[in-house]
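Colleague: no FASTA, just this:
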């Protein structure tokens with residue numbers, strides 16, 4: 001039970017020193033103000049269970065709460081029932097996230113963040129989700145980034161998922177500076193895997209390239225990125241940029257589009273953007289051109305004639 005500032009400092013110190021908390025439970029019994037503790041951050045990997053019990057943690061605008069979360073199972077509850085806010089509605093979190101920098105495995109559920117986030121790539125709840133899940137969470141404030149900006153997460157990859165999350169009408173998700181990739185989505189900035197299901201975004205979204213009501217950019221990886229049952233307003237597209245994703249409720253075996261007049265027919269799309277960090281790579285894919293296909297067909301025919 002955490003019922004004092006000293007208790008949560010002790011938790012942070014133990015985890016930072018490598019204390020094994022896998023399977024251990026922490027429950028927050030009071031609201032905690034960490035805004036005056038400039039170095040406060042659980043920098044080591046958290047593998048336990050943290051139940052906020054509906055209480056609020058006020059964070060330092062320069063730091064989030066957890067750096068890495070990696071529970072033994074991707075379905076384990078890692079953080080639940082927690083509210084997070086900055087000291088003032090004018091404060092901007094320069095960390096690029098509020099609760100978790102990178103969710104490697106585990107579930108974040110029934111959590112909220114009220115405040116503003118800004119960085120190279122930024123998300124209202126987390127920077128990146130790999131094989132974990134964010135469910136029933138909400139964000140209120142602004143997200144501003146140089147490259148990928150999402151109301152809930154900047155980047156979604158692996159087999160993770162975002163479910164039943166909400167971004168309110170007062171939220172602004174925007175790209176602020178010139179960069180080589182500029183994508184903003186009401187829920188996710190950039191998506192290279194996983195799924196987004198049953199989410200709602202009323203965010204005001206602005207940017208220069210991929211602007212989507214739910215996702216800013218989806219990599220061209222057929223059958224890997226899945227989107228279904230979402231609601232959005234403010235823009236005319238659910239996904240700002242990208243092809244190859246599908247709605248599993250409508251088409252479990254989608255066929256890639258083929259344009260005979262195009263030199264870059266995406267017949268064999270592959271994800272080629274696995275680098276970390278914001279900007280630089282964009283949402284690109286390896287493609288097989290029409291000319292290459294004709295050349296390959298000629299070689300196969302020539303070989304068959306020889307035999």
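Modeller: Now that the structure is in, tell me what you want to look at. Remember, it's a predicted structure, so these values are computed and weren't measured experimentally.

Colleague: could you pull up the mean pLDDT of the helix or strand hosting residue 154?
Modeller: Applying DSSP states H and E as the criterion places residue 154 in strand 153-156. The predicted model gives strand 153-156 an average pLDDT of 95.

Colleague: and what of stretch 36-52?
Modeller: Mean predicted confidence for stretch 36-52 is 86.

Colleague: show me how far it is from its chain's centre.
Modeller: Here the centre of stretch 36-52 is set off from its chain's centre by 19 Å, with C-alpha atoms, centre = their mean, to the nearest Å.

Colleague: give me the next element, helix or strand, following whichever strand or helix holds residue 108.
Modeller: Using DSSP H and E, the element containing residue 108 is strand 107-109. Per DSSP H and E, strand 107-109 leads on to strand 112-119 as the next helix or strand towards the C-terminus.

Colleague: check which helices and strands that following strand sits against.
Modeller: For strand 112-119, the packing partners by 3 or more C-beta pairs under 8 Å, 6 or more residues apart in numbering; DSSP states H and E come out as strand 83-85, strand 92-93, strand 138-145. Glycine gets a C-beta too; all of them are placed from N, C-alpha and C.

Colleague: count the residues that sit near residue 19.
Modeller: Residue 19 sits with 12 neighbouring residues when counted by other C-beta atoms under 10 Å.

Colleague: just to revisit the earlier point, quick one: strands adjacent to the strand holding residue 108?
Modeller: strand 77-80 (parallel), strand 133-135 (parallel) (DSSP bridges).

Colleague: who does the strand holding residue 154 pair up with?
Modeller: Partners of strand 153-156 in its sheet, by DSSP bridges: strand 126-129 (parallel), strand 188-191 (parallel).

Colleague: now for whichever helix or strand comes after that strand, which elements pack on it?
Modeller: Where DSSP H and E defines the elements, the next helix or strand beyond strand 153-156 is strand 161-163. On a contact count with 3+ C-beta pairs under 8 Å, 6+ apart, strand 161-163 meets strand 133-135, strand 194-197.

Colleague: how far does the following helix or strand past strand 161-163 sit from its chain's centre?
Modeller: The helix or strand immediately downstream of strand 161-163 is strand 166-167, counting by DSSP H and E. Remark: strand 166-167 is offset 13 Å from the chain centroid, using C-alpha atoms, centre = their mean.

Colleague: now do stretch 6-24, average pLDDT.
Modeller: 90.

Colleague: what are the buried residues along that stretch?
Modeller: 7-8, 11-12, 15, 21 (16 or more other C-beta atoms under 10 Å).

Colleague: list the contacts of that stretch.
Modeller: 1-2, 26, 28, 32, 34, 37, 40-44, 46-49, 71-72 (C-beta atoms under 8 Å, 6 or more residues apart in numbering).

Colleague: can you tell me which of the residues you listed are buried?
Modeller: By 16+ other C-beta under 10 Å, the contacts of stretch 6-24 give 2, 26, 28, 32, 34, 37, 40-42, 44, 46-49, 71 as buried.

Colleague: which one of those residues is nearest to residue 127?
Modeller: Checking those against residue 127 with C-beta to C-beta, the nearest one is residue 41 at 13.3 Å.

Colleague: spit out the contact partners of the closest one.
Modeller: Here residue 41 is in contact with 12, 63-67 (C-beta under 8 Å, 6+ apart).

Colleague: would JSON lines of these with secondary structure and distance to residue 110 be doable?
Modeller: Converted to JSON lines, the contacts of residue 41 look like this (DSSP: H, G, I helix; E, B strand; the rest coil; distance: C-beta to C-beta, whole Å):
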{"residue": "12", "secondary structure": "helix", "distance to residue 110": "22"}
{"residue": "63", "secondary structure": "coil", "distance to residue 110": "22"}
{"residue": "64", "secondary structure": "coil", "distance to residue 110": "18"}
{"residue": "65", "secondary structure": "coil", "distance to residue 110": "15"}
{"residue": "66", "secondary structure": "strand", "distance to residue 110": "16"}
{"residue": "67", "secondary structure": "strand", "distance to residue 110": "21"}
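
Colleague: ok, back up a step: ranking the strands paired with strand 153-156 by burial, who's on top?
Modeller: Using mean count of other C-beta atoms under 10 Å, the stretch among the strands paired with strand 153-156 with the greatest mean number of neighbours is strand 188-191 (a mean of 35).

Colleague: need the residues that contact that strand.
Modeller: Against strand 188-191 from outside (C-beta under 8 Å, 6+ apart): 121-123, 145, 147-150, 152-157, 162, 181, 183, 185, 196, 214-219, 225, 242, 245, 283.
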